[in-house]
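**Q** Using only what follows, build the 3D model:
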Amino acid sequence: MTTYFSYNNQFYEQTPGAVMTSPISPVIANIFMEHFKKKALKKSFKKREGWFRYVNDTYVIWRHGSAELRKFLIFLNNQHPNIHFTIDIEENGKLSFQDVLI
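**A** The predicted structure is shown next:
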């Protein structure tokens, strides 16, 4: 299914993925990402100590050093052409998203 939308007076065509305005899209995305996680982590060369996801944020506990973490990031990003992970590494005991007020 193809969806068209505009942003900043520019028209775009969304071809991969679920329709952004559909109420079922978050459910489909969660199912897909759970499948992605199970499949990718099963093939992983190093095991993580923890993997926690909320919507589009993933918190990973990694005890194999920063060089191996970079390799793990490359591995994850090679699992699917439309899924791309980035890293925010803890500094001074804090993560970048910890500044959000609840």
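**Q** Run the chain-centre distance for stretch 29-41.
**A** From the chain centre to the centre of stretch 29-41 is a distance of 10 Å (Cα atoms, centre = their mean, to the nearest Å).
**Q** So which bits of it are buried?
**A** A40 (16 or more other Cβ atoms under 10 Å). Bear in mind the C-beta positions are built from the backbone N, C-alpha and C, glycine included.
**Q** At which residues are the strands of the protein located?
**A** 3-7, 10-14, 50-54, 57-61 (DSSP state E).
**Q** now for these, which one comes closest to T21?
**A** strand 3-7 (7.8 Å; Cβ to Cβ).
**Q** Show me what the closest one pairs with in its sheet, parallel or antiparallel.
**A** Sheet pairing of strand 3-7 (DSSP bridges) gives strand 10-14 (antiparallel).
**Q** Residue ranges in this structure under the pLDDT threshold?
**A** Counting by pLDDT under 70, the chain contains low-confidence ranges at 1-2, 96-102.
**Q** Show me which helix runs longest in it.
**A** helix 25-43 (DSSP state H).
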